[in-house]
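S.K.: take a look and give me a structure for this.
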Amino acid sequence: MSFEVKLGNEIIGHTDLEGGDPPMGVASGRCWPIPAYSSIQAHCIAHRDRWVDIPGLTVNLTAGPAIECGGTVMIFDYSSELNEIQIEVWYIPYPLYEELFPQHVEAYRNQFKK
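M.R.: Numbering: from 1, shown residues only. So this is what the prediction gives:
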């Protein structure tokens, strides 16, 4: 599933949120920026080791509403060193987390099976 990364009403990138920590309600993945991302890139580089929230930064279902979360959305920009930008969405509540990311939940549960 693909998601839009938005600042206010403007799309600044995309992500698949391919990783996660189901018990914590965290979804994470690679962020694929588009040119509008440049408006916050310096912030994401400067604060990647100690995040400072960006008001209005959300991850949305494609052409849909923002993912509800009780935490924050963080972008860690390592583009100059690793050619990679990571994004995390914190504290997505259940059952929403399981609805959006059943593959994360299944992988988590499978690690305890014998």
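
S.K.: strands along the chain, start to end?
M.R.: Secondary structure of the chain (DSSP state E): strands at 3-7, 10-15, 19-21, 26-33, 57-61, 73-78, 84-89.

S.K.: now the ones you listed in TSV, please, with extra columns for mean pLDDT, mean neighbour count and distance to residue 105.
M.R.: Heads up, the C-betas are built off the backbone N, CA and C, glycines and all. Shown next, in TSV, are those (pLDDT from 0 to 100; neighbours: other CB atoms under 10 Å; distance: least, CB to CB, whole Å):
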stretch	mean pLDDT	mean neighbour count	distance to residue 105
strand 3-7	97	21	17
strand 10-15	98	19	18
strand 19-21	96	17	8
strand 26-33	98	20	11
strand 57-61	97	18	18
strand 73-78	98	20	21
strand 84-89	98	21	15
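
S.K.: nearest to residue 41, out of these?
M.R.: strand 73-78 (6.1 Å; CB to CB).

S.K.: run through who's touching that closest one.
M.R.: By CB atoms under 8 Å, 6 or more residues apart in numbering, the residues outside strand 73-78 that reach it are 5, 31, 40-41, 44-45, 48, 51, 54, 57-59, 84-90.
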